[in-house]
Structures are given as C-alpha cells and as structure tokens.
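A.B. asks: Next input, structure requested:
(one chain, ligands or ions: 1)
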Amino acid sequence: MMVRKRKNLFLFAFLLCFLLLLAGCSNGNDAAITPKSEPESESRPDEDDIVIGISQVGSESDWRMMNTKAYMDTFTEEKGYYLIFEDGQQKQENQVKALRKFILKDVDYIVLAPIVETGWDAVLKEAQDAGIPVIIVDRNVSVEDESLYICRVGSDLMQEGRNAGEWLADYLESRGRRNEKINIVTLQGTPGSTAQIGRTSGFAEVMEKHANWNMLEYQSGDFTQAKAYEVMEYFLDTYDDIDVVISENDNMTFGAIEAIKEAGLKLGKNGDIMIISFDAVRDALLLVQKGEIMADFECNPIIAPLVEETIQRLERGEAVEKVQYIDETYFDYRMDIETLLESREY
Ligand code: GYE
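C.D. replies: Numbers count the residues shown, from 1 in each chain. Next up is the predicted model:
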C-alpha cells in the first residue's frame with residue numbers, strides 16, 4: 001500500500017515538473033487567455049456542421065486577444081460551426097503544421113492569419129490539392145499563384161500608415177512646426193508581417209514629402225510590450241533628441257511609454273516626445289484621453305463576422321471579393337474619447 005502511495009506521489013511530482021517545464025517554455029504573454037485548441041477526444045462535428053480550422057498568429061497583443069475572441073463568439077456550435085483553433089505562438093512553422101493538420105482532418109474551410117507574408121506557397125498548394133478553400137485573414141500572404149487562396153479579409157494596413165503620416169503633417173502644420181527638423185524613431189512590428197510592412201511603408205510614403213522629417217532608426221519590438229520597452233530604452237540611450245515615436249501597435253506603445261517615463265521624459269503635446277500608435281484598443285484610448293498618446297489609428301480586430309459572411313456566401317455558391325477591407329477610423333487627444341468609448345465594443 002505504502003509503496004503504491006509513493007509511486008503515485010512520484011508520478012504526481014513527475015507530472016508537476018513536466019507541466020511546470022511546459023509552462024516555462026511558453027512565453028508569458030501567451031499563457032494568459034490563450035483559448036484551448038480543439039478538445040481532441042471530447043467532441044466530434046455533427047454531420048452537417050461546417051468545420052473550420054483557424055490558424056491564429058499567437059496572443060502577442062490586446063488586439064489579437066479581441067480578434068481571437070470574436071472568432072470564438074462568431075463560429076459557435078449553436079450556429080452549426082465546428083471550430084478547430086490552433087495558436088501558432090508567433091511561429092510560422094507552427095502555423096504550417098496546423099494547416100497540415102487541418103488538411104488531414106479534411107476540414108471544410110481553412111482560415112489563416114499569417115504571421116509573415118512569405119513562405120506559404122507549398123502548404124497552400126497542399127490545401128488546394130485537397131480541395132479545401134483557404135481564407136486569409138488580418139495580415140496578407142505573398143504567393144506566386146493567387147488562386148491558392150479564395151480571398152483576404154482584413155485591414156488596409158498601408159492606408160493606416162499613410163493616415164498616421166498625414167495626421168503628423170497636419171498636426172505639425174497646426175503648431176507652426178512645418179519646417180522644423182523632426183527626429184523620429186519607429187518601433188516596428190514583426191518583420192515581414194503585413195502589419196509591419198504596410199504601416200512602415202505607408203508612413204514612409206508621407207515622410208518622403210517632408211524633407212525635414214528625419215527617421216533616426218527603425219527597430220522591431222515584435223508587437224510585444226516587453227520587447228518594445230527594451231528597444232525604447234535603447235533608442236533613448238542612443239538619441240538625445242527624439243521628437244516622435246511611431247509605434248506600430250498599442251502594446252509596443254505601452255512598453256515605450258514605460259521606458260520614456262522611467263527616463264524622466266514627458267509625453268504629449270507640451271512634453272518631450274509625441275507617440276503615434278496603431279490598433280486603438282481600450283487601454284490605449286484611455287492614454288489618448290490623457291494626452292500621453294497623441295493619435296491612435298484604429299485597426300479593427302472584429303474580422304470574424306466578415307469571415308462568416310464570406311463562408312456563408314461560398315456555401316451558397318456565390319462569388320466573393322478577393323480583397324475585403326474592414327472600416328476603420330482614428331482617435332486623437334483633441335477628441336472626446338470618453339463619449340466615443342461608450343459605444344465601442346473593444
Ligand atoms: O496591430 C497587432 C497584432 O496584424 C493587424 O498584429 C495585426 C497586428 C496588430 O499583434 O497588435
């Protein structure tokens with residue numbers, strides 16, 4: 001009896017170590033609200049369920065959490081969907097594996113939020129050969145043959161970058177700083193992702209029209225708060241006259257603000273540094289309200305309803321648009337954010 005108890009205890013301790021090890025391996029951000037993948041053995045799709053395999057980027061930001069939640073809320077069992085959700089944990093190889101798993105399971109649709117644009121040709125061809133339609137969501141893919149996917153549903157990320165540039169130009173003009181030398185640093189998102197490429201190049205397009213804008217450096221903060229904090233510390237150590245920080249998502253902005261405050265610098269229109277951000281998640285809008293973020297360019301994370309509409313159209317045999325952009329706006333410190341927040345879902 002005693003021996004058996006010990007054995008159980010040993011087994012328990014072993015399992016605990018294993019679980020702790022696993023937890024240690026995953027990045028802290030990911031642990032928080034990552035939805036579980038499909039419970040392999042517990043449920044099975046009903047005969048006429050629409051089976052959808054979703055390959056998500058990860059859980060790197062508040063935006064991503066909302067984006068994932070919207071898929072869960074939209075593709076419900078009650079509505080006749082069976083969802084297989086795979087979190088790529090910010091690694092393309094995990095996403096490729098997920099896609100192969102979906103193909104093996106012969107799902108009805110694959111929904112792919114690609115971490116970066118390149119490297120998808122082979123696996124998308126496998127899906128096409130298996131006759132599974134692929135819908136690209138959020139970021140884009142860059143493939144030789146565009147017939148490898150049905151359509152892309154998401155944001156016009158380049159336009160967001162342009163809007164940010166135009167806002168800065170108008171703002172500087174309104175403050176009589178049109179011809180002043182403006183030193184800028186950019187916290188970029190994951191290199192090679194559409195969100196990074198689009199926002200960087202959209203802003204650069206406007207920058208070209210302003211010879212007095214001086215981009216000191218671009219560095220990636222990988223869309224996470226922790227990395228951006230480090231990069232911002234480095235920027236502040238390296239350059240002593242930064243006027244503007246372009247931060248390619250709100251979570252990086254949170255990290256940058258922390259570093260700027262710790263360095264004893266002031267944010268906002270009468271401060272030392274102005275931040276322009278992207279996403280417009282709730283916590284960031286509260287900082288716009290406080291004037292710590294000058295302007296925030298919305299990226300709407302609630303893509304799921306448009307994806308559902310697309311799938312329903314395909315089910316009815318209707319044609320769908322190859323590129324479907326979602327409506328977006330922006331917020332700046334001069335607006336009545338409190339009122340705007342009342343009617344906002346995220
Ligand atoms: O801005 C960021 C997220 O791809 C548009 O990814 C998305 C971006 C979003 O991590 O917060």
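A.B. asks: contacting residues around Val206?
C.D. replies: Contacts for Val206 (CB atoms under 8 Å, 6 or more residues apart in numbering) come out as Arg162, Ala164, Gly165, Glu166, Leu168, Ala169. (Glycine included, C-beta is placed from N, CA and C.)
A.B. asks: Now stretch 256-264: average pLDDT?
C.D. replies: Across stretch 256-264, pLDDT averages out at 98.
A.B. asks: what about the helices in this structure?
C.D. replies: Ranges of helices in the chain, per DSSP state H, are 2-25, 28-31, 62-74, 92-104, 121-129, 157-174, 194-207, 225-238, 250-262, 282-289, 304-315, 337-342.
A.B. asks: As TSV, those helices with distance to Trp213 would be great.
C.D. replies: Putting those into TSV (distance: least, CB to CB, whole Å) gives the following:
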stretch	distance to Trp213
helix 2-25	42
helix 28-31	33
helix 62-74	27
helix 92-104	33
helix 121-129	37
helix 157-174	8
helix 194-207	5
helix 225-238	16
helix 250-262	19
helix 282-289	22
helix 304-315	35
helix 337-342	27
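A.B. asks: Can you say which of the ones you listed is nearest to Val137?
C.D. replies: Closest approach to Val137 among the helices of the chain (CB to CB): helix 304-315, 6.0 Å.
A.B. asks: residues contacting Ala304?
C.D. replies: Asn67, Ala70, Tyr71, Asp73, Thr74, Phe75.
A.B. asks: Please name the nearest non-neighbouring residue to Gly53.
C.D. replies: Phe102 (3.2 Å; CB to CB, 6 or more residues apart in numbering).
A.B. asks: The one you found: neighbour count?
C.D. replies: 27 (other CB atoms under 10 Å).
A.B. asks: Tell me who's in contact with it.
C.D. replies: Gly53, Ser55, Ile84, Glu86, Ile110, Ala127, Ile132.
A.B. asks: any idea how far the nearest residue to the second one once chain neighbours are set aside is from Glu298?
C.D. replies: Using CB to CB, 6+ apart and skipping the chain neighbours, the partner closest in space to Ser55 is Ala98 (4.3 Å). Distance of Ala98 to Glu298, given as CB to CB, to the nearest Å: 29 Å.
A.B. asks: Likewise for Ser142?
C.D. replies: 25 Å.
A.B. asks: For the two, indicate the residue with more neighbours.
C.D. replies: Glu298 (21 against 15).
A.B. asks: Could you measure from the residue nearest to Gly53 over to the ligand?
C.D. replies: 21 Å (CB to the nearest ligand atom, to the nearest Å).
A.B. asks: What residues sit buried inside stretch 223-241?
C.D. replies: Phe223, Thr224, Gln225, Ala226, Lys227, Ala228, Tyr229, Val231, Met232, Glu233, Phe235, Leu236 (16 or more other CB atoms under 10 Å).
A.B. asks: I meant stretch 96-114, not that one.
C.D. replies: 96, 98-99, 101-103, 107-114.
A.B. asks: Quickly name whichever of those residues is closest to the ligand.
C.D. replies: Closest approach to the ligand among those (CB to the nearest ligand atom): Ala113, at 7.4 Å.
A.B. asks: which ones are touching the residue lying closest to Ile135 once chain neighbours are set aside?
C.D. replies: Once flanking residues are discounted, Ile135 sits nearest to Val111: 5.1 Å by CB to CB, 6+ apart. Residues counted as contacts of Val111 (CB under 8 Å, 6+ apart) are Ile52, Gly53, Ile54, Ser55, Tyr71, Val134, Ile135, Val137, Val307.
A.B. asks: Could you rerun that using 6 Å?
C.D. replies: For Val111, the contact set (CB atoms under 6 Å, 6 or more residues apart in numbering) comprises Ile52, Ile54, Ile135, Val137.
A.B. asks: pLDDT score assigned to it?
C.D. replies: pLDDT, Val111: 98.
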